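Visitor: got a sequence here, can you build the structure:
(chains A, B, C, D, E and F)
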Protein chains: 4
Amino acid sequence: MRSDYPDRQPPRRQVPVRAGGTPAQQRDLRAQGRRTVVRLLDAGLKAFETIGYAATRVDDIVRTADTSHGTFYLYFASKEDLLAALARECATEMEALADSLGPVGPGAEGRAQLRTWVQQFVEVYRRYGPVVRAWSESQVSDPALARLGQRSLRRITSKLTDRIGEASRPPGVEPEAAAFAFIGMLERVNYFVLSRGLPVDDAVAVDTLAAVLHTGIFGGRPGRRVPAGRAGRR
Amino acid sequence: MRSDYPDRQPPRRQVPVRAGGTPAQQRDLRAQGRRTVVRLLDAGLKAFETIGYAATRVDDIVRTADTSHGTFYLYFASKEDLLAALARECATEMEALADSLGPVGPGAEGRAQLRTWVQQFVEVYRRYGPVVRAWSESQVSDPALARLGQRSLRRITSKLTDRIGEASRPPGVEPEAAAFAFIGMLERVNYFVLSRGLPVDDAVAVDTLAAVLHTGIFGGRPGRRVPAGRAGRR
Amino acid sequence: MRSDYPDRQPPRRQVPVRAGGTPAQQRDLRAQGRRTVVRLLDAGLKAFETIGYAATRVDDIVRTADTSHGTFYLYFASKEDLLAALARECATEMEALADSLGPVGPGAEGRAQLRTWVQQFVEVYRRYGPVVRAWSESQVSDPALARLGQRSLRRITSKLTDRIGEASRPPGVEPEAAAFAFIGMLERVNYFVLSRGLPVDDAVAVDTLAAVLHTGIFGGRPGRRVPAGRAGRR
Amino acid sequence: MRSDYPDRQPPRRQVPVRAGGTPAQQRDLRAQGRRTVVRLLDAGLKAFETIGYAATRVDDIVRTADTSHGTFYLYFASKEDLLAALARECATEMEALADSLGPVGPGAEGRAQLRTWVQQFVEVYRRYGPVVRAWSESQVSDPALARLGQRSLRRITSKLTDRIGEASRPPGVEPEAAAFAFIGMLERVNYFVLSRGLPVDDAVAVDTLAAVLHTGIFGGRPGRRVPAGRAGRR
DNA sequence: GATGAATGAGATTTCATTCAT
DNA sequence: TATGAATGAAATCTCATTCAT
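Guide: Purely as a prediction, here's the structure:
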């Protein structure tokens, strides 16, 4: 068995609004236009994923979307404008996710809830990882976009800070710092697993994350510890 | 009191070798040349810190270093070559740091050792953060440089994996995944604190990180937990 | 008193033919089509007025005309084709105006006639100024259109040259050069007043122009001169 | 005899400062760089002259200056930036010219002075005509540049307004409107003569302008009028 | 050793015009 | 008749790198 937990029904997440960028928002699109927007968004996300935001050329995006440069600029003002459109989608999902986290108790149930939440984070991140990274790196020059990122992060960590504050956490754990540790750990592990080929099974990663967060931050009772040396590397 | 631990004497770290890039290594530099190399390395690091590796132009570097384009190429073959030179410095420090981590016991002493180590990580990261990030993003095209990054990361996580495997960790914590969680959490929190203006005191962040890692990964006994709601947000 | 002259009945000018461009002339339009042509012509004139012919985009025109790119090309072959349509209207009016100038005597009556003519020029220019300017700048690539402009100008100046030649002008005034001075002065002053916000009342400008032209070109007797310093700046 | 006036010694005009655009002003150029700036300014002026500001491509300029696109942007931020550099030169000359106009008396001497001034205007315009025209058309988007144009025009017409106000001008001539008529007439006639191939000899044009301005605006006594019909077209 | 100048390949962006509905 | 979508040629602009002094 790869995971200590049974699979849970993931709550259905609503389809994100696939809106275009600045130029597209100044007129209303018909079906064909909306399809093109979606193709461009998908192509952009894929290119950011594959070669990174900075290295992506508009040319890479339009080639993947099977359209022309002219068309790209019909819907987006620039590469950064497309990133912004994706970022808005991502922010919506991330904030909904943050809002869905309930109190985390110290027992097995709390841990299971945490694990479910981590699992959902993984799913969102699997889609929007490159956006999150371009965002968190100083790679955006548009201040509005940077602010959107700050606000989103703040909103998520603020919710986490509250939940951590409610729990009977280990001594030395300051809630706000812990909130950033929480989200930072999730982000990086997902990045390593998804993009950098960390050879760890998804479910194992989720279990580990949930366990570390629960015990290390929320004061979860670990139960009987694994004796040293058992269940070693891979 | 901001920190649970007394300040410890940070072990003296050796001064890194400030070598130039490929062109500089093919001849031997006099004092003036060596000074120019150092100015360029510092300027590069600063620029990467401020505007990110991808957005940094050679022009930004030479302006900060108060020198010229021509001079830059006298010592470095390219922007990436300068990154590589910084990366070699960084790798040296990071690997030395990895090697310095001894076994981490479940008691107060283990936790103190962990905290010292985290503190040292913070110091190295404060200097080389931008290099680490450029490295971890898919922002390098030189395979040798990419390999250097992979190797360094692997060497650190492998050491961490060993130390985690030795400890009697909480159930669900798989050592290798936990090693990545460990390093990822450190990296991101430092990034947030140093570059993104996370309003958390350094010492508090270090305490929190040490506490989470010790309890959540190394099976540290937390002692009496902080009751819920106490010592809340800032 | 703002003007030295009573208002005169401006002679009724016929409504210009609002024909479309090349594509429109190859079929016959129904009422709806004709309305669209008029909307496009007006929108074009307005855009040329506001941002200049060169800077005007087809998009500016169709947005103002509240129609689409596709529709534009249903009636005009290009932006220049629309300019040509406006230019034909303008040429018709300008040449009719030129033909309407009778001999200008040196007395008060000659001056009044001149003033009336200047007034009519103002009215035509108020409408077609941007066309005249696009025309006079080397901004047209269509040779036929350029020729139309040359011919119109020539026809007007030739008429003026004749009228000036008939008059007993001041020494040094060569009729043809004076004709260009005449029309150039009118054009620029109107441009300054209408487009560049020259803070001079219309009637005052017309009076001044008529006075300068009459005395300076047609040898008009000024009567008693205004003593220096009187009726100074605004 | 082509002109009614003997040639006068034109007052030596100082060489204009040939400064580069925004990028060039942020560093100091050496001799080679300054030479390149001059080549680009000259090439730009020539291209604006030949094909008009709007139609000129940066490519036309660099081809004439025998250099590369890259070099162009080393010294100018854009085509408009080069226009601005030329405009600053032009404004300097025009304002100096405006300042040099003394009181214009009604006799032969006043007329001669006016003629000399007109002659100098012709010379400046011969050089900067295209700049003046690009300026006066709504062809600039940079507000600072537009303001420079307004200010220059205002400064010139304000000086002219004063001089006209001092003179005992014909009735109906309002000084400020007349100042615009003055400058507008000069500008357009020069434009027709220089760029549109008006077949009038330079000196004849200058004579005519001086005569019209002197008699029509400054109340100059024309002396014996030329009888109608004499000295007709060409 | 140092520098400013120059380059040109390649990226971004614009926009007149055509097309499919 | 009308339209929004699409196109691609051509323009603008950037910037790592080389060169001449």
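
Visitor: residue of chain A closest to DNA strand F, please.
Guide: residue A:70 (1.7 Å; Cβ to the nearest atom of the strand). Yep, even glycine has a C-beta here, placed from its N, CA and C like the rest.

Visitor: how about that residue, phi and psi?
Guide: Note on residue A:70: its backbone torsions stand at phi -50, psi -40 [degrees, to the nearest 10].

Visitor: residue A:167 too?
Guide: The phi/psi pair for residue A:167 (degrees, to the nearest 10) is phi -90, psi 160.

Visitor: wait, what's in contact with it?
Guide: Residues counted as contacts of residue A:167 (Cβ atoms under 8 Å, 6 or more residues apart in numbering or on different chains) are A:103, A:104, A:105, A:106, A:217, A:218, A:219, B:228.

Visitor: tell me the SS of the residue nearest in space to the middle of chain A?
Guide: The centroid of chain A falls nearest to residue A:125 when counting by Cα atoms, centre = their mean (3.2 Å). Following DSSP: H, G, I helix; E, B strand; the rest coil, we place residue A:125 in the helix state.

Visitor: what about it, distance to residue C:200?
Guide: 68 Å (Cβ to Cβ, to the nearest Å).

Visitor: ok, the residue of chain A closest to DNA strand F to residue A:39 distance?
Guide: In terms of Cβ to Cβ, residue A:70 sits 15 Å off from residue A:39.

Visitor: number of residues surrounding the residue of chain A closest to DNA strand F?
Guide: Here the number of neighbours of residue A:70 (other Cβ atoms under 10 Å in any protein chain shown) works out to 8.

Visitor: now swap in residue A:96 and tell me
Guide: Neighbour tally, residue A:96, other Cβ under 10 Å: 15.

Visitor: not counting its neighbours along the chain, what's nearest residue A:204?
Guide: Excluding the flanking residues, the one nearest residue A:204 by Cβ to Cβ, 6 or more residues apart in numbering or on different chains is residue B:174, at 5.1 Å.

Visitor: most neighbours among the contacts of residue A:167, which one?
Guide: Neighbour-wise, these (other Cβ under 10 Å) top out at residue A:217, 28 neighbours.

Visitor: residue A:177 is in contact with that one, correct?
Guide: No - if you go by Cβ atoms under 8 Å, residue A:217 and residue A:177 don't touch, sitting 10.1 Å apart.

Visitor: hmm, residue A:93 is touching residue A:128, no?
Guide: Yes - Residue A:93 lies in contact with residue A:128 (Cβ under 8 Å); the separation is 7.0 Å.

Visitor: contacts only, for residue A:177.
Guide: B:189, B:200, B:204, B:205, B:207, B:208, B:209.

Visitor: which of those has the weakest pLDDT?
Guide: When those are sorted by pLDDT, the bottom entry is residue B:200 at 87.

Visitor: sec struct for it, please.
Guide: Taking three-state DSSP, the label given to residue B:200 is coil.

Visitor: just give the nearest non-adjacent residue to it, would you?
Guide: residue A:177 (4.7 Å).

Visitor: what strand or helix carries the one you found?
Guide: Following DSSP states H and E, one finds residue A:177 within helix A:175-195.

Visitor: and the angle from that helix to helix B:175-195?
Guide: 120 degrees (axes from the mean of the first three to the mean of the last three Cα atoms, to 10 degrees).

Visitor: now the helices for chain A?
Guide: A:22-25, A:31-51, A:58-65, A:69-75, A:79-99, A:108-136, A:143-166, A:175-195, A:202-216 (DSSP state H).

Visitor: contact residues of chain A facing DNA strand F?
Guide: A:27, A:29-30, A:32-33, A:35-36, A:67-71, A:73-74 (Cβ under 7 Å from any atom of the strand).

Visitor: any chance of those in TSV, with pLDDT and distance to residue C:22 too?
Guide: Formatted as TSV, the residues of chain A next to DNA strand F follow (pLDDT from 0 to 100; distance: Cβ to Cβ, whole Å):
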residue	pLDDT	distance to residue C:22
A:27	86	29
A:29	91	32
A:30	89	30
A:32	95	30
A:33	95	30
A:35	96	35
A:36	97	32
A:67	97	31
A:68	97	28
A:69	97	30
A:70	96	25
A:71	97	29
A:73	97	29
A:74	96	27
